[in-house]
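Q: One predicted model, sequence on top.
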Amino acid sequence: MDENFEVIVVGGGFAGVAVARELGRKGVRVLLIDKNSYHQFQPLLYQTATVQLGVSEVARPLRDIFRGHQHVRVLVSEVTSVDTEARQITTADGRAYQARIVVIASGAEANFFGIPGAQEHGFPLYSVEDAVDLGSSLVAALERADKDDDGGELHVVVIGAGPTGVETAGAVAETIRYVLPQYFSPELAARSHVHLVDMLPDVLNAFAARSKAYARRNLERMGVKVKLGVGVSEVTPEKVVLVDGTEIPGDIVVWAGGLKAGPIIAASGLAQGRGGRVDVNPDLTAPGAEGIYVLGDAANITDTRGTLLPQLGSVALQSGKWAAKNILADLAGQPREPFKYVDKGYMAMVGRGSAVAEIGRKRILMTGPLAFLAWLAVHVVLLSGSLQKIRALVSWPSDFLTHRRSYVLLPRESRD
Ligand SMILES: Cc1cc2nc3c(=O)[nH]c(=O)nc-3n(C[C@H](O)[C@H](O)[C@H](O)COP(=O)(O)OP(=O)(O)OC[C@H]3O[C@@H](n4cnc5c(N)ncnc54)[C@H](O)[C@@H]3O)c2cc1C
């Protein structure tokens, strides 16, 4: 590859795609590198993990996104190091690429906090591979339970009651309630259980009290056994052990307990703050490193009032668009501007027709079908024009009315 690039973008998630797209449109020569050939849509991963959506509905080829973008070159390769002084990145196959500006938008990965057995026996849910791995293992566990003439039970334990844990526990409970009777014997549903555990005293800790209470009530109504206020001390192949000595049987254990920045940040030598992320300057550049931007889940980003923003798709997307403006200013020798975040609020899907949404900076509370519609509207925007996925999203309301659930094929054997 002998082109000269003005900007290298590491990571084709919400942040990386947004910055590359905006710069490419303005004629800036961009090299976008991702270890995968696709852009994944994390908010829908739990639907794949519960065999409701196929892989092509939660991921889109990067080459398709940038088809026709003559200034953006897509490269599929794993970045292993970033030399922030030379603004040079090295990939796993030993190649090196240099540019005037490097954008690190490499996202995050599961943080197991050193809990024994959590990494070995827990299923994280942060990538398409994770979702397929979990979905295939769930199907294998269901098939095993179906064959079990002794009427043995199936237990799914979700660790972490933030939005990912709540959405996953809700979706597994719905799978048990609506999918199993359609595809397996109805009696299997009675033998299948979902547990949700967290060391914090509430589900959806960052949400308002009313949203937390609504989410918990609805999860319990769907049969989820919620255990809060006690941490996990160990995960084994058969069970989850809590700090107070409680043992919960676990055939499938989902880890939704926390995130940290991926290894690229440590390899770059940039100072790491909370969650291993880079505490970026208000203009999204990395402190003490000229020409380096860090975006999305790889960064600790604050709003104009200095409040730390959460790891959300909308923060990543907006940081990508804003960084593009500042990079254009850099290239034109103009001053950069501090990032201004447009706060759309928080939302989480609890289950069929039940969601919680806290809209905008004023946190207008919504629950139920209205919140589901708000969730839908925000996520259609995040899907950035991918027709296929918008179709997947808009088919949900009718699924909610008819109780029908699909049971998709996942192209991988289970982990065991
Ligand atoms: C299960 C789940 C559900 C979520 N639901 C919501 C939701 O409902 N609403 C919401 O707003 N947010 C949600 N989020 C959060 C949101 O998805 C993230 O905040 C957002 O994806 C972060 O975007 P990003 O571009 O920073 O990173 P990512 O989207 O993670 O993209 C990072 C990219 O970098 C690539 N990469 C990583 N390391 C390397 C390397 N070494 N070399 C090359 N490429 C590399 C990865 O392959 C990936 O494509 C959810 C997250 C999860 C995990």
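A: Looks like it came in fine. Numbers count the residues shown, from 1 in each chain.
Q: correct me, but N36 touches V74?
A: No: N36 lies out of contact with V74 (C-beta atoms under 8 Å); the separation is 11.0 Å. C-beta coordinates here come from the backbone N, C-alpha and C atoms, glycine included.
Q: Identify the contacts common to those two.
A: In terms of C-beta atoms under 8 Å, 6 or more residues apart in numbering, N36 and V74 are both contacted by the residues G12.
Q: Show me how the chain divides into domains.
A: As assigned by automatic domain parsing, the chain contains the domains 5-35+77-110+259-331, 118-257+345-402.
Q: which of N36 and V74 has more neighbours?
A: Comparing N36 with V74 by other C-beta atoms under 10 Å, the one with more neighbours is V74, at 21 against 17.
Q: Excluding residues flanking it in the chain, which one is nearest the more buried one?
A: Using C-beta to C-beta, 6 or more residues apart in numbering and skipping residues adjacent in sequence, the residue nearest V74 is L62, 4.9 Å away.
Q: Pretty sure the one you found sits against K35.
A: No: using C-beta under 8 Å, L62 is not in contact with K35, being 11.0 Å away.
Q: Need the residues touching each of those two.
A: V76.
Q: More neighbours: which of the two?
A: When L62 and K35 are compared for neighbours, L62 comes out ahead with 23 against 18, by other C-beta under 10 Å.
Q: all strands for the stretch 151-300 of the chain, in order.
A: 154-159, 192-198, 224-228, 232-235, 239-242, 247-249, 252-255, 259-261, 278-279, 292-294, 299-300 (DSSP state E, counting those that start in this stretch).
Q: Count the residues that sit near the residue of the stretch 101-250 of the chain found nearest the ligand.
A: As assessed by C-beta to the nearest ligand atom, the ligand sits closest to G107 within the stretch 101-250 of the chain, at 2.4 Å. Using other C-beta under 10 Å, the number of residues around G107 comes to 27.
Q: Do you know the pLDDT at the nearest residue to it once chain neighbours are set aside?
A: In space, and not counting its chain neighbours, G107 is closest to D297: 4.6 Å by C-beta to C-beta, 6+ apart. Looking at D297, its pLDDT stands at 97.
Q: From the contact counts, what lies against the strand or helix carrying A357?
A: According to DSSP states H and E, A357 maps onto strand 354-359. Counting contacts by 3 or more C-beta pairs under 8 Å, 6 or more residues apart in numbering; DSSP states H and E, strand 354-359 is packed against helix 209-221, strand 345-351, strand 364-367, helix 369-382.
Q: which residues sit against the first one?
A: Residues outside helix 209-221 that contact it (C-beta under 8 Å, 6+ apart) are 166, 169-170, 173, 196, 202-205, 207, 226, 348, 350-351, 354, 356, 358, 365, 367.
Q: What mean pLDDT does it get?
A: The model assigns helix 209-221 a mean pLDDT of 95.
Q: Is it in proximity to the ligand?
A: No: under the criterion of C-beta under 6 Å from any ligand atom, the ligand is not reached by helix 209-221; the shortest gap measures 13.7 Å.
Q: distance between that helix and the chain's centre?
A: Relative to the mean C-alpha coordinate of its chain, helix 209-221 is positioned 22 Å out (C-alpha atoms, centre = their mean, to the nearest Å).
Q: quick one: buried residues of it?
A: S211, K212, A213, Y214, A215, R216, N218, L219 (16 or more other C-beta atoms under 10 Å).
Q: name the helices or strands packed onto the lengthiest strand in the chain?
A: Ranked by number of residues, the top strand in the chain under DSSP state E is strand 96-104. Contact here means 3+ C-beta pairs under 8 Å, 6+ apart; on that basis strand 96-104 packs against strand 5-10, strand 30-34, strand 88-91, helix 263-268, strand 292-294, helix 313-331.
Q: Kindly recompute the last result at 7 Å.
A: Strand 96-104 makes packing contacts with strand 5-10, strand 88-91, strand 292-294, helix 313-331 when contacts are defined by 3 or more C-beta pairs under 7 Å, 6 or more residues apart in numbering; DSSP states H and E.
Q: May I have the strands that pair with that strand, each with its orientation?
A: strand 5-10 (parallel), strand 88-91 (antiparallel), strand 292-294 (parallel) (DSSP bridges).
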